[in-house]
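# turn this into a model:
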Amino acid sequence: MSVGISRTTSSRAASRLRGLGAPCWSSLLLPLAVACLCACSDDRRIERDLRADDPQVRVSAVKRLAKRERDKAVPVLVRMLEDRDPRVRVEVADSLGSLKAVQAAKPLGALVRDTDARVRLAAIQALARFGLGPAEDYLVGAVMDPNRLVRRTARNRLADLGMPRPEQQRRVASLRLVRHRRDLVERLPERRVAAAKALGRCGRPEVVSDLEKLASDPYETVAQEAAEALGLVGTAEAIAALERLASRPEVGRRRALRGLRAALLGLHSAARPLAQRLLSDQDSSLRRAALGFFLDPRHRSEAPGPAVLCKSLDGSAPEVALQMAEELKAAGVVCPALEAKGRALEPWEVLTAITRRGPLASPEREWVARRLAPEVPALDHLALAVAVAQGDEPLRRQAVERLRRAHRALLEASERWLDEEGWKRIDVMTQPADPLLASEPAPPGAVDSARDDPASARRDQRLRQLLSRFPDGALSREQELMPPVEDPSRLELALLQVAPLKEAMPFLLELAERGPLSFRLVAWAALKRTGCSDPACRGAVDKALDEPRLRVAAMEAVAAPQGALVERLVPLLQDGDAECRAAAAAALARSRHEKAWPALLEAFRRSRESHLVEAFGALGEPKAERVLLALLREEQDLIASSERLGVIEALGRIGGPAATERLVGELEHPEPALRRGAALVLGRLGDRRAAEPLAVCAEDFYLAVRRACVEALERVKARDRARP
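The predicted model follows:
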C-alpha cells in the first residue's frame, strides 16, 4: 500500500516556500500535507486491520479498502481472496465486482469452487459484472454446482448476459467432455477408469478414438472399462472399434466381449447387424444379449423370424435356456413345434413349448412326463417349467405331487441319515429347550406318527429344530446333517416355479405354516407370486405375524390386506426391526385402506424413512404430494440421491398438478440419475409446462438422460395434441 507524503517532506517544502518569500504557497501546502498525513495514517490502519484476528474487523477493512484508489486496492483485494474466513471472502468478491476489476476474473473463477456456498454465490455475482467474455467459462462451470441456489444463480446470470438455456446446456456438456478427455492421460489408473466410464455414458461419437486407444492400456481394469465404454457409446464407429479389438489375440477378444454386450444391452440402432450375427455366437451371454436386443419393442419389427430367435436357445446352459424361453414368451414370440423324427429331443427344443398356448406335442409331453416320474431321483426344473407353463391338468397335478414326494423324502432321508449315536448327541445339544423352536407347530403327519410311534414324532421335532438351527446342512465339521439325496436349494427353487398353479396352493400353505424354517420362508416367497389374496392365505398371514422370523415374508406375500389384518399391521410400523417396518408400510399401501394414510403419515412424522416415501407413492394418496414436495425443497446435502429418486418416483405415481414445477427443477440436478428419473416422470404426467425444460434437457451430457428427455418430450407433445 502507498505510504503517502511524510511529515518531514512537507515541513521542508513549507520552509523552502517561506524562504522564497511566498507565504501564500505555504498556507496552501500545509492543509495538503495534513490531508496526506491523515491518508497515510488511515492506510496504516487498514493494513493493520486486514491482518486482525477478528473476521469482522477484516471485513470492515475490506470495505474501507474498496473505497480507496482502484489501482492500489485491487491487488490487495485479490490477495484477500485467500482469507480463511468465508465472510471475508464474500466481502472481497463483492468489492471486486463493484470495482469491475476484470483482472481479478481468474482468482474469482477459482472461488467458484469454494467449499462455502455463500462464497460461490458472491463469486458468481461478481464475475457476472465483468461480462460474458472473461466470465463465461467460470459461470458455465457453476451450472454444475451441487447447490441448487448456486446453480440457478449461475444460469440466471448467464441468461442475463445473453446465453439462452439450450446453449448453456450445450456449453456444460462441452466442458464436461473436455475435462473427462483430459483425465484419460492421468497417471493414476483410477482417474482413467472414471474418465472412461463417464465418456462411455456420454454416448458421443467424438470420444471413440480416445477410448479405442485406452482399450490397449497396460492396466487391465482400465482397458476393460474402455472397451465397455465403447459399447455404451454404441455408434457404428464404436462397434467397428470393438470388432477390431476382438480380432486380436485372446486378451483383446476378452476385453471386446464386455463392450459388445454393452452395445447390445444399450439397444443402440447401430448394433442391429451385430445382434443379427451374435444370435448364433458360441458365447451364450452374447446370444442372450442379442436376443434381448430384438425382443425390445424398439427393434421388434426388424427382428428375424421366430425360428431364428428360438434357435438362439441351442447350446445354452439349461437355466439360461429356461430364462431365454421365458423372455420369448413375455415378448409374444411363439416358437414353432419341433418334431422328434425318431430322435430324442434336446432340452432347449422342449423349452420352446413354454412360448406356445396350445397342447404339447406328443414327444414333448412324453419328455416332461418321463422326467417328472416318481422313480427319477432328482427334480428336473426344465420339466417343471414346461408343465407349469402349459394348461395340461394331468401334468400340473403330476408336478405338484412330485414336489410333495420330494419334500417328504428329504425329511425322511434326513431322519434316517443320523444313526442312534447321532441322535443321542443331538439330544444332548438340544436339551436346553429353545422357546422359539419348541413353539413351532408339528410338520405334516406328525400327529398321526405321535399316535403310532412317539419316538418318531420326537425325532421329527428334533429334525425341524436342526434344520432351523443349521440351514447350511452341517451339524459340525465332522458330521453332515443333510444327506446328498436331494439338494434343498433345488427343492426351494421348484416351489417358486409351481407357485402360479392353483393346484399348488394347498401344498404351499401347508409348508408355510409348518416344517423347517427355510422351507416356510420359501413357501411364503412362492405365495407372493400368487398374490395371496384368498381367505385361506390371508388367515395364514395373520398367524405368521406372531412369528418374528416369518412375518416379513408373510407381509410381502399378501396382496391386499383387509379388515382385522390392517389393524395388526399398523403397530408394526413402530417395530424395532427396520425390515419389518418396511414390509408393514408396503402392505398397508397395497391395502388402500382408509386407515393406511393416517398411520403412514404418523410414522413419517416420527421418523423419515425411505420405505415410507415408497409407501406414499404406492398408496397414491393425493395428500401425500405436499409431504413429498417438501422433501424436494431440501438441498443435496440433506437428502441422499437414492431417497430423492424415490421421492420423484412417488410423485409420479401420485400424479398431482403441483408436482410438475418441482420436477422441472430436478432436471437441473447434478446427479444424472435424478435428471433421468425426473424426465421419465414428467413424460408420464404429460404437463405442457414441462415441454421447454425437457427440450433443454435433451442437450444433456449423458446419453441416458438425453434419451429420457427426448422420449418424455414426445409424450408431452402427443398428449398436448390429443387435448381438445
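
# where's the residue nearest to F701 when sequence neighbours are not counted, which helix or strand?
Ranked by CB to CB, 6 or more residues apart in numbering and with sequence neighbours excluded, the top spatial neighbour of F701 is A173, at 4.1 Å. From N, CA and C alone the C-beta is placed, and that goes for glycine too. Per DSSP states H and E: A173 is located in helix 165-183.

# show me what that helix is packed up against.
helix 132-142, helix 148-160, helix 189-202, helix 691-697 (3 or more CB pairs under 8 Å, 6 or more residues apart in numbering; DSSP states H and E).

# export the first one to CSV, keeping only CA atoms.
Provided in CSV are the C-alpha atoms of helix 132-142 (Å, rounded to 0.1, in the frame of the first residue of the first chain):
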residue,chain,number,x,y,z
LEU,A,132,-19.7,-12.8,-20.9
GLY,A,133,-16.1,-12.7,-22.3
PRO,A,134,-14.0,-13.1,-19.1
ALA,A,135,-16.7,-14.8,-17.0
GLU,A,136,-18.2,-17.3,-19.4
ASP,A,137,-16.2,-20.5,-18.6
TYR,A,138,-16.5,-19.9,-14.8
LEU,A,139,-20.2,-19.3,-14.9
VAL,A,140,-20.8,-22.4,-17.1
GLY,A,141,-18.8,-24.4,-14.6
ALA,A,142,-21.0,-23.1,-11.8
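
# centre of the chain versus it, how much separation?
32 Å (CA atoms, centre = their mean, to the nearest Å).

# and the contacts of that helix?
Defining contact as CB atoms under 8 Å, 6 or more residues apart in numbering, one finds that helix 132-142 is touched by 102, 105, 108-109, 112-113, 120, 123-124, 127-128, 150-151, 153-154, 157-158, 161-163, 168, 171-172, 175.

# now for A389, how many residues are close by?
21 (other CB atoms under 10 Å).

# ok, now R79?
With other CB under 10 Å as criterion, R79 counts 12.

# again, but for A373
12.

# please apply the same query to G539.
13.

# next one: D314
14.

# excluding chain neighbours, what is closest to it?
W348 (5.3 Å).

# I'd say that neighbour and S316 touch.
Yes - if you go by CB atoms under 8 Å, W348 and S316 touch, sitting 6.6 Å apart.

# A525 is nearest to which of the helices and strands packed on helix 165-183?
helix 189-202 (34.9 Å; CB to CB).

# residues touching the residue nearest to D314, list them.
L313, D314, G315, S316, A321, A325.

# just to be sure, the fourth one is in a strand?
It refers to S316. No - counting by DSSP: H, G, I helix; E, B strand; the rest coil, one finds S316 to be coil, located in no strand.

# quick one, what contacts it?
S316 neighbours (CB under 8 Å, 6+ apart): S284, R287, R288, M324, W348.

# and of those residues, the nearest to M505?
Nearest member of the contacts of S316 to M505, counting by CB to CB, is M324, at 28.5 Å.

# tally of neighbours for that closest one?
25.

# helix/strand/coil for it?
helix.

# how far away is A154 from P571?
Distance of A154 to P571, given as CB to CB, to the nearest Å: 49 Å.

# neighbour count winner among these two?
The neighbour count for A154 versus P571, taken as other CB under 10 Å, is higher for A154 (27 against 11).

# flag every buried residue along the helix holding A173.
Within helix 165-183, the residues that count as buried by 16 or more other CB atoms under 10 Å are 165, 168-173, 175-177, 180-181, 183.

# where does V522 land in three-state SS?
V522 - assigned by three-state DSSP - is helix.

# doesn't Q497 make contact with it?
No - V522 lies out of contact with Q497 (CB under 8 Å); the separation is 11.2 Å.

# neighbour-wise, which of the two wins?
Just comparing V522 and Q497: by other CB under 10 Å the higher neighbour count belongs to V522, 24 against 21.

# now the more buried one, nearest residue through space, not along the chain?
E492 is the one closest to V522 (CB to CB, 6+ apart), at 4.1 Å.
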